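> requesting a structural model of the entry that follows:
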Amino acid sequence: MTTEDSASDTLAWQTKESEIEYSCPGFDVRRDDVILPDGTHTQFHSVEEPPAVVILPFTSSDDVILIEEWRQAVGRVNRGLPAGTVESGDTALLDAATRELSEETGYEAGSMSKLFQTEPANGLLDTVHHYFVAHDCERTMSQQLDENESIRVSTTEYKEIKTAVRQGEIKDGRAVTAVSQYELQS
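The predicted structure follows:
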């Protein structure tokens, strides 16, 4: 369905006013004054977040490069994949994926290709996540972390990652989605 089609859809909401109510590094909270299809006037809040890249990186021996990072929102260390926001200096999504992989892990890919994209939580967020698969990754540098990142890097056999996803040991939605899509496309 195109944007033009959605405007005429009987389920579409009519936005009367929109305002950013809160901004912080990484995202904005937007309030929309809307009219629902049944005529009800109400407000809807959502988060505006830039597009992001997520990388499923394999070494030349087909191990997966994982990161462990503290996640304040859930109060624990999260085991997942390198990922990050597309920045203004990135001329292409592949550039962003290449940059995030090297910054967070110190690894560079021999090759990288787009796997798919998704809207991870379009009931709350407007962001799109772009997933990439990287092969023949080699450590070529030290990590170059952002000021608010503390990341530990490890490698694990891919079959162990699949088992951890299947058993719910890996809880990070981006990692679960990447492995699931990779399996579906293999």
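> nearest the geometric middle of the protein, what residue?
When CA atoms, centre = their mean is applied to the chain, the residue found nearest the centroid is residue 129 (4.3 Å).
> just the helices in the protein please.
Listed in chain order, the helices of the chain (DSSP state H) span 3-8, 93-105, 158-166, 173-185.
> and the second one, what other elements does it pack with?
In other words, helix 93-105. strand 52-59, strand 63-71, strand 83-85, strand 107-108, strand 111-118, strand 129-139, strand 151-157 (3 or more CB pairs under 8 Å, 6 or more residues apart in numbering; DSSP states H and E). Glycine gets a C-beta too; all of them are placed from N, C-alpha and C.
> which of these is buried the deepest?
Mean neighbours per residue, mean count of other CB atoms under 10 Å, is largest over the helices and strands packed on helix 93-105 for strand 52-59, with a mean of 24.
> next up, the contacts around residue 111.
Residues in contact with residue 111, defined by CB atoms under 8 Å, 6 or more residues apart in numbering, are 134, 135, 136.
> pLDDT for those - can I get that in TSV?
TSV is the format used below for these (pLDDT from 0 to 100):
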residue	pLDDT
134	98
135	98
136	98
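> Throw the helices and strands packed on helix 93-105 into a markdown table and include distance to residue 20, thanks.
Output for these, formatted as a markdown table (distance: least, CB to CB, whole Å):
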| stretch | distance to residue 20 |
| --- | --- |
| strand 52-59 | 20 |
| strand 63-71 | 25 |
| strand 83-85 | 18 |
| strand 107-108 | 37 |
| strand 111-118 | 25 |
| strand 129-139 | 22 |
| strand 151-157 | 30 |
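> which one of those lies closest to residue 12?
Counting by CB to CB, residue 12 lies closest to strand 111-118 out of these; the figure is 22.1 Å.
> run the angle between the closest one and helix 93-105 for me.
Here strand 111-118 runs at an angle of 100 degrees relative to helix 93-105 (axes from the mean of the first three to the mean of the last three CA atoms, to 10 degrees).
> so, low pLDDT: which residues of this protein?
Low-confidence segments of the chain, defined by pLDDT under 70: 1-7.
> same thing but 90
Scanning the chain for pLDDT under 90 picks out 1-8, 25-26, 88-91, 145-149, 186.
> and it, what are its domains?
By the assignment in automatic domain parsing, the chain contains the domains 3-48, 52-185.
> let me know which of these is tucked in deepest.
Neighbour counts (mean count of other CB under 10 Å) averaged over each of the domains of the chain peak at domain 52-185, with a mean of 16.
> state the distance from the residue lying farthest from the centre of the chain to residue 14.
Distance to the chain centre peaks in the chain at residue 39, reaching 35.2 Å (criterion: CA atoms, centre = their mean). Noted for residue 39: a distance of 10 Å to residue 14, by CB to CB, to the nearest Å.
> likewise residue 91?
Shown here: residue 91 relative to residue 14, a distance of 37 Å by CB to CB.
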